[in-house]
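Visitor: The amino acid sequence is not available; the structure is as follows:
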Ligand code: SF4
């Protein structure tokens, strides 16, 4: 029976700002939502997405019961959990016995809670014996992971949100944070209003809403960020604005970098980047003279075939100026998803292991294997997202488990991904919303609990761990992700390792957290001092948080020591490389894809709230008015937008925020909404050689008018 209205403190399930929310409910149904004034990420603020969370629980879109089909082309039928999971365990066990552990794979999500991630990781590595577990964070943050690790020694953003407010000079690169991280942007707006002398530089090919706050906007040509950062360093050196004492005391590799950036003269850099010399010089001066300098970045740097080089080139600027580990200073990547950080911590990319360990490191594998009580962990490198779906496409992966993500919409080169899913012998989709494009390919659909219905923890962009609390029960048969995963794992272990004690004897999310946290003990991210009780008592905390700590750690590397072999940060001298697809006559426009203010990812949740279509109703292609004139197009004309991989039909509009020669399209729309497949039918699967993150933000395209009959 519903009781009186109650309030449960939890977090927003959208972006990596990680805002605290107060869920109003009657014990059965969520009635409303408000910002949590006590949460240190948002102090009561919510953006348009967060404040409409209670309007997105539409049961018509929810997966409510397990559904199984017993042959391709047949319809799925409702089944019960025992039958569903027994069937899945039998198929996985048979596939593993017949084709080996690397014939199965798990593709999971930055939307999952830390406990869910941990269960999946243990399932893949300890029980199945494969490193074929990757996450949609590969599309989002893997270049930042590599950048931090190779430059600073650990995947740890060193700053806090309050540094954004304290900084004298902020460089925002490849991030429309006004749309993608709105509450953090509001904090920045308020700080700028209090301290107008704060200087804000925005680097973005497009004039986004974030530029409204900028003192300087550098509309660089797409993909030229590495050249820009090297050109800035060239000027910093020329003007004597580098910190020699810091470089000598705390870093290595500067000589090679100094040698490289000689080639990035102001004239050469301005030419590569398509900006004026004055703008470049002003940017270098703002950074060089700033008492404190902080950079923020997101997909514009990460989603690139040179994403790792872009991250390191930006971090180079901080190391060269000694702007790390001080108030208002440091390189601070913004995470896209609510718990992409938790995924990185638990080792949910194919090359990682829990506790910021490496799957390719024998010592790390031995440590985790010993903790889990298994003989060994697999050595064979796992497949990253693009490689994994290529392996599904060519038949190497024969059983695929997808949880809480929609690769049929979000991966680049969508036609190939759809072909892969259609051909895969057994696809399990564990999902809260049955409406996603990926669910169509599910041989087994497992209904998952969603926001407000499950418990666990998440880590936001500033390394802050929050306790996510359950307000209401999940509808009908839906279950928390960790519970589905552990239930499946227990059934699979009776087939793969009969008679042995269970590795998955967890009865709550908290039990998973309690096991997981000790895998982080005495490592850079030490969470072992945290517990649900402590988070409830003292509120969300930043890691590292060792046992006995009184509070989390706001700022890293204040002592100038870095977790590298030498204790010094590393400069990296990567030359600028152009994006993979060049402009050419057949594809004369460069397509950039990005986010809208009121939609989230593939719109499985935000697409259920009519109010969120008030800002932008439908996908529209943005082209500079000169490009419309050149092609004799009018606002609203229907066009076919095509790349080397596919095409879409949609309206075009004049957009002065886009430079001539470029095109802009939101990334949210899939084939539920667009003629043809979704936006990502156009994007390319080329990826960064180190991070394996695909170049989703850069594709050669062309536009043709569609003549209506
Ligand atoms: Fe949610 Fe991000 Fe908006 Fe905060 S800023 S309410 S976390 S979407």
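Guide: Looks like it arrived, so ask away. Here the structure is a predicted model, which means the values were calculated and not measured.

Visitor: Give me the next element, helix or strand, following the longest helix seen in the chain.
Guide: Taking DSSP state H as the criterion, the chain has its longest helix at helix 81-99. Using DSSP states H and E, the helix or strand that directly follows helix 81-99 along the chain is strand 104-108.

Visitor: Just after that next one, pick out the following helix or strand.
Guide: Next along the chain after strand 104-108, with elements defined by DSSP H and E, is helix 114-122.

Visitor: Tell me what angle that following helix forms with strand 104-108.
Guide: Helix 114-122 runs at 160 degrees relative to strand 104-108, counting by axes from the mean of the first three to the mean of the last three Cα atoms, to 10 degrees.

Visitor: Might you calculate how far helix 114-122 sits from the centre of the chain?
Guide: 17 Å (Cα atoms, centre = their mean, to the nearest Å).

Visitor: and after it, which helix or strand comes next?
Guide: Using DSSP H and E, the first helix or strand after helix 114-122 is strand 133-135.

Visitor: what does the next helix or strand after that following strand rub up against?
Guide: On the C-terminal side of strand 133-135, the nearest following helix or strand under DSSP H and E is helix 142-152. For helix 142-152, the external contacting residues (Cβ atoms under 8 Å, 6 or more residues apart in numbering) are 154-158, 297, 301-304, 307-308, 310-312, 314-316, 319, 324, 331, 333, 335, 344, 349, 384, 557, 562-564, 569-572, 688, 690-693. For every residue, glycine as well, the C-beta is placed using N, CA and C.

Visitor: Which ones among those residues map onto strands?
Guide: 297, 331, 333, 569, 570 (DSSP state E).

Visitor: out of these, which are buried?
Guide: With burial judged by 16 or more other Cβ atoms under 10 Å, the buried subset of those is 297, 331, 333, 569, 570.

Visitor: Can you give me every residue that contacts the first one?
Guide: What it means is residue 297. 144, 172, 173, 174, 175, 311, 314, 331, 332, 333, 334.

Visitor: now the most centrally placed residue in the chain: how far from residue 338?
Guide: In the chain, the C-alpha nearest the mean C-alpha coordinate belongs to residue 140, at 3.3 Å (Cα atoms, centre = their mean). Residue 140 sits 11 Å away from residue 338, going by Cβ to Cβ, to the nearest Å.

Visitor: can you pull the contacts of whatever residue of the stretch 401-550 of the chain ends up closest to the ligand?
Guide: Among the residues of the stretch 401-550 of the chain, residue 460 lies closest to the ligand, at 7.8 Å counting by Cβ to the nearest ligand atom. Counting by Cβ under 8 Å, 6+ apart, residue 460 makes contact with 16, 17, 18, 41, 335, 338, 341, 466.

Visitor: I'd like to know which of those residues is nearest to the ligand.
Guide: Distances from the ligand to those, taken by Cβ to the nearest ligand atom, are shortest for residue 17, at 4.0 Å.

Visitor: Tell me who's in contact with the closest one.
Guide: Residue 17 makes contact with 41, 42, 181, 182, 183, 184, 460, 461, according to Cβ under 8 Å, 6+ apart.

Visitor: at 7 Å instead, please
Guide: Contacts for residue 17 (Cβ atoms under 7 Å, 6 or more residues apart in numbering) come out as 41, 42, 181, 183, 184, 460, 461.

Visitor: which one of those residues has the most neighbours?
Guide: residue 460 (32 neighbours; other Cβ atoms under 10 Å).

Visitor: Which pLDDT value goes with that residue?
Guide: We have a pLDDT of 98 for residue 460.

Visitor: Same check on residue 494?
Guide: So residue 494 comes in at 98 (pLDDT).

Visitor: Spell out, range by range, the strands that occur in the stretch 201-350 of the chain.
Guide: Using DSSP state E, counting those that start in this stretch, the strands assigned to the stretch 201-350 of the chain run over residues 216-218, 251-252, 293-297, 330-333.

Visitor: just checking, what packs against the last one?
Guide: Which is strand 330-333. Where contact means 3 or more Cβ pairs under 7 Å, 6 or more residues apart in numbering; DSSP states H and E, strand 330-333 is packed against strand 293-297, helix 307-321.

Visitor: Now distance to the ligand and mean pLDDT too, for those, in TSV please.
Guide: Formatted as TSV, these follow (distance: least, Cβ to the nearest ligand atom, whole Å; pLDDT from 0 to 100):
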stretch	distance to the ligand	mean pLDDT
strand 293-297	14	98
helix 307-321	22	98
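
Visitor: how much space between residue 129 and residue 286?
Guide: Distance from residue 129 to residue 286, by Cβ to Cβ: 53 Å.

Visitor: do the same with residue 188
Guide: Distance from residue 188 to residue 286, by Cβ to Cβ: 16 Å.

Visitor: Those two: who's more crowded?
Guide: residue 188 (24 against 20).

Visitor: Is the closest residue to the more buried one other than its chain neighbours part of a helix or strand, or is it coil?
Guide: Closest residue in space to residue 188, ignoring its immediate chain neighbours: residue 164 at 5.6 Å, by Cβ to Cβ, 6 or more residues apart in numbering. Counting by DSSP: H, G, I helix; E, B strand; the rest coil, the backbone at residue 164 sits in helix.

Visitor: Quick one: the strands in the stretch 551-700 of the chain, in order.
Guide: For the stretch 551-700 of the chain, applying DSSP E, counting those that start in this stretch gives strands covering 569-570, 589-594, 621-623, 638-642, 647-654, 662-666, 675-676, 699-705.

Visitor: Fine, thanks again, bye for now.
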